[in-house]
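K.L.:
Any chance you could fold what I've pasted below:
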Amino acid sequence: MKKLLTYFLLFTFIAAMAGCGSSTTNKPQQAKDFSIKIGGSSTLAPVVAKVADDFTEKYKTWKKVKDSLADEPIAIFVATGGSGFGVKSATNGTVDIGLVSRVVTETEKQKLPNHKLYTVGFDALTIAVHPKNPVAKVKPNLTMDEVKRIFSGEIKTWKQLDASLPERPIVVAIRDLGGGASQAFDEAVMKGTPISKEAIQCPSMGALAGKVQDNVDAVGYVSTGLVEQNKGKIAVLSVDGVEPTNENIASGKYTIARPLILIAQTQPDEREQQLINYLISDSGLKTLEEMGFVPVKNK
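P.N.:
Coordinates of the predicted model:
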């Protein structure tokens, strides 16, 4: 297997970056540090890591990207940590590009006066269950109110949802509160109604998808990208008669959706700009689409 210079790191990167400066102007400078650091949304991070790998393999060194750049190997570090981490790290300068899979609030934007937001695509949160859960055949379509009552804990067993379903407890799985998915789900579905206290909080979208795959009685709001990447292992329910297809997501017909956003400095250095250009190019957006998301060109 060919060795790539792009590394997909998890919380190790977050811990390492914790000691960095609190602003872009005070960001520590290291001699000949030509790396780019990216962090945030666990939904968007794998896509960016894949595109960064392609970029690295294509060019190898920065000089081959653009002749005026240094003849140094390309090194791009991508970390997860949640959308909140992506916004905070872009704000304080501990990453060069923040990753967010939710709407960036006006309050957050006020703290990013020297940054630009790039919406690269859209993701839907599917109501996902185990393929062997009989609900997928008995009741493949839920109303938005039923979804809300399940996740609030009002509907506690599958039989309460439909009399022909088994008398087994529903296991609700959600993202932790630091994830963009939790905010998007609250805005689209819960609208302020508290999530069940018995819900299992997962540290990443991948962990949430894994919980649904591992437990026949689990239900969770799993990203379309993770559903696509785990075909046959996750069943998806419609909501109010609308399936989370690319067409329905792009048109806005499927409403449990969220934007996928890059946060970069308004005036990034030349290396960062070249990478951003590649991320938002047809090639980068094609990768995003292949991984199960709706690229911005389709919106």
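
K.L.:
And residue 108, its phi and psi?
P.N.:
Backbone geometry at residue 108, expressed as degrees, to the nearest 10, gives phi -70, psi -40.

K.L.:
And it, how far from residue 117?
P.N.:
10 Å (Cβ to Cβ, to the nearest Å). Bear in mind the C-beta positions are built from the backbone N, C-alpha and C, glycine included.

K.L.:
Mind checking which of the two has more residues around it?
P.N.:
residue 108 (19 against 16; other Cβ atoms under 10 Å).

K.L.:
how far is stretch 292-299 from where the chain is centred?
P.N.:
14 Å (Cα atoms, centre = their mean, to the nearest Å).

K.L.:
For the stretch 1-150 of the chain, give me the ranges with low pLDDT.
P.N.:
Applying pLDDT under 70 to the stretch 1-150 of the chain flags the ranges 1-33.

K.L.:
number of nearby residues for the closest residue in space to residue 198 that isn't next to it in sequence?
P.N.:
Nearest residue to residue 198, sequence neighbours excluded (Cβ to Cβ, 6 or more residues apart in numbering): residue 153, at 6.2 Å. Residue 153 has 16 neighbouring residues, counting by other Cβ under 10 Å.

K.L.:
what's the pLDDT at residue 153?
P.N.:
With respect to pLDDT, residue 153 scores 98.

K.L.:
now swap in the one 4 residues further on and tell me
P.N.:
As predicted, residue 157 sits at a pLDDT of 98.

K.L.:
I figured it hits residue 171, correct?
P.N.:
No: between residue 157 and residue 171 there is no contact under Cβ atoms under 8 Å: 10.7 Å.

K.L.:
Comparing the two, which shows the higher neighbour count?
P.N.:
residue 171 (19 against 13).

K.L.:
close enough to count as contact, that one and residue 212?
P.N.:
No: if you go by Cβ under 8 Å, residue 171 and residue 212 don't touch, sitting 9.1 Å apart.

K.L.:
Which residues are in contact with each of the two?
P.N.:
Common neighbours of residue 171 and residue 212, counting by Cβ atoms under 8 Å, 6 or more residues apart in numbering, are 218-219.
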